[in-house]
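A.B. asks: I need the structure of the sequence given here:
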Amino acid sequence: MKMLLNPPSNGFQRGVMVVEKGAAKRFTSKWVKDGYVAAWRMYFDLTYVKEISRNLFSPPPNVNSAMITINRKATPMVPVKDYLAFRGLADYALKEPRASIDLALKGVFTPPQIRPMLIPMIFLVLLNKDYQPNRIIQRANKWGERIGTMA
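C.D. replies: Numbers count the residues shown, from 1 in each chain. You can find the predicted model right below:
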């Protein structure tokens, strides 16, 4: 998946994949735990289609599989030029996936900087809503350059 979906500037448009069931659930779950999955969702719609029993394979693997569909978004949620900045921010924020956004980003932003970004970040990373995070990326780049933590 990483080779297929990274970088988002590649020509991949859509596909159907059979992957390990646990991975399929992680890729399509409402809750994101990995920065690379959060980044993929900015450019692609990932949908869990159905489980495929291990008994349908010969020889049967140790785990069940699942079918997922991948479709490129007509308009990405993050501009391709900002992919690395977003990925760095997502990786940093998701080091502790159960932490609140303000605590997860404590080492990058000060509390006054986090307050205006808090609600958009919740929609963006945790709830996976259709939110355009250009303002967040611009602030992340600006403050990252100042403190040397972002690309």
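
A.B. asks: pLDDT of stretch 90-107, averaged?
C.D. replies: Average pLDDT, stretch 90-107: 79.

A.B. asks: what do you get for stretch 71-87?
C.D. replies: Mean predicted lDDT for stretch 71-87 stands at 87.

A.B. asks: pull the CA atoms of it into CSV?
C.D. replies: Extracted in CSV, the C-alpha atoms of stretch 71-87 (Å, rounded to 0.1, in the frame of the first residue of the first chain):
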residue,chain,number,x,y,z
ASN,A,71,-10.4,6.0,-5.4
ARG,A,72,-8.5,9.2,-5.8
LYS,A,73,-10.4,12.3,-4.5
ALA,A,74,-11.3,14.7,-7.3
THR,A,75,-10.0,17.5,-5.1
PRO,A,76,-7.4,16.5,-2.5
MET,A,77,-7.9,17.8,1.1
VAL,A,78,-4.2,18.8,1.2
PRO,A,79,-2.3,20.2,-1.8
VAL,A,80,0.3,17.8,-3.1
LYS,A,81,3.0,20.3,-2.5
ASP,A,82,2.1,20.2,1.3
TYR,A,83,2.2,16.4,1.6
LEU,A,84,5.4,16.2,3.5
ALA,A,85,4.4,19.0,5.9
PHE,A,86,1.1,17.3,6.6
ARG,A,87,2.6,13.9,6.9
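
A.B. asks: buried sites along that stretch?
C.D. replies: With burial defined by 16 or more other C-beta atoms under 10 Å, the residues of stretch 71-87 counted as buried are Arg72, Met77, Val78, Pro79, Asp82, Tyr83, Ala85, Phe86, Arg87. Heads up, the C-betas are built off the backbone N, CA and C, glycines and all.
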